Each structure stands twice: as structure tokens, then as C-alpha cells.
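**Student:** here you go, sequence then predicted model.
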Amino acid sequence: MEKHGEPELRAMLLYAWDPIGVAGVSQAANEYDGYVLPLLGKLREGATATEVAAYLNGVETEQMGLSPPATQNVEVGQRIARWYENSTSSSI
């Protein structure tokens with residue numbers, strides 16, 4: 001993962017989102033890599049924090065088969081959207 005933003009987003013998905021609780025398992029460090037590029041694409045297209053949260057909710061329920069998250073990923077969506085905004089607006 002060498003493209004701009006991918007390592008940071010990968011870490012956020014693993015440590016802030018982590019719906020299956022694998023953050024402390026070194027063999028699972030790439031568990032959420034398949035969601036990095038689609039999510040970066042959404043962010044590049046202007047996704048809001050609410051849309052990021054909705055995407056993560058969909059991943060959890062539709063792709064992972066988990067129960068809907070209690071918090072609906074609002075906080076993680078806000079964190080990711082804020083990170084992306086800050087990382088793209090700081091270029092001089």
C-alpha cells in the first residue's frame with residue numbers, strides 16, 4: 001500500500017473501526033485492506049462523514065454478515081472524513 005493516504009486509512013480501519021476485534025492480532029494486520037481503496041474513492045468523490053459511516057455500516061451488515069452496529073459508525077465516519085479533509089487541504 002504505497003499510494004497517498006492508504007497507510008493512514010488502513011490504520012484507522014484497523015484501530016478505530018475494527019468491527020471484528022482483530023487490531024491486536026499481527027496476522028490480521030491486512031484484514032480490512034479490501035475496504036481501503038473503495039473508501040478512498042468515496043472520499044475523493046466528496047463523501048461526507050455520514051456517507052462514510054453508511055458505507056462502513058453496509059460493509060459490516062452486508063459483506064461481513066454482522067448485526068447492525070449500535071453506534072452506526074458515526075464517530076469513525078467523522079474521524080475518517082476529518083482526516084481526509086485535513087490531509088488534502090494542507091498542501092501548499
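**Tutor:** Sure, I can see it. Computed from a predicted model, the values in this text were never measured in an experiment.

**Student:** what packs against the helix or strand where residue 87 lies?
**Tutor:** If you go by DSSP states H and E, residue 87 is part of helix 74-89. Secondary structure elements in contact with helix 74-89, counted by 3 or more C-beta pairs under 8 Å, 6 or more residues apart in numbering; DSSP states H and E, are helix 6-12, helix 36-44, helix 49-58. The way it works is simple: take the backbone N, C-alpha and C, and place the C-beta from them, glycine included.

**Student:** could you check the angle helix 36-44 makes with it?
**Tutor:** Angle between the axes of helix 74-89 and helix 36-44 is 70 degrees (criterion: axes from the mean of the first three to the mean of the last three C-alpha atoms, to 10 degrees).

**Student:** which stretches of this protein have low pLDDT?
**Tutor:** 1-4, 90-92 (pLDDT under 70).

**Student:** swap in 90 and give it another go.
**Tutor:** 1-5, 68-72, 87-92 (pLDDT under 90).

**Student:** excluding covalently adjacent residues, which one is nearest to the residue most central in space within the chain?
**Tutor:** Centroid check for the chain by C-alpha atoms, centre = their mean gives residue 13 as the closest residue, at 4.4 Å. In this structure, residue 13 finds its nearest non-sequential neighbour in residue 32, 4.1 Å apart by C-beta to C-beta, 6 or more residues apart in numbering.

**Student:** any idea how far the one you found is from residue 76?
**Tutor:** Applying C-beta to C-beta, to the nearest Å, the value for residue 32 to residue 76 is 12 Å.

**Student:** what is in contact with the two at once?
**Tutor:** Common neighbours of residue 32 and residue 76, counting by C-beta atoms under 8 Å, 6 or more residues apart in numbering, are residue 17.

**Student:** returning to that earlier point: just give me the neighbour total for the residue nearest to residue 13.
**Tutor:** 23 (other C-beta atoms under 10 Å).

**Student:** quick check: it touching residue 16?
**Tutor:** No: at 10.6 Å, residue 32 does not count as touching residue 16 under the criterion of C-beta atoms under 8 Å.

**Student:** one step back: now the helix holding residue 87 against helix 49-58, angle please.
**Tutor:** 120 degrees.
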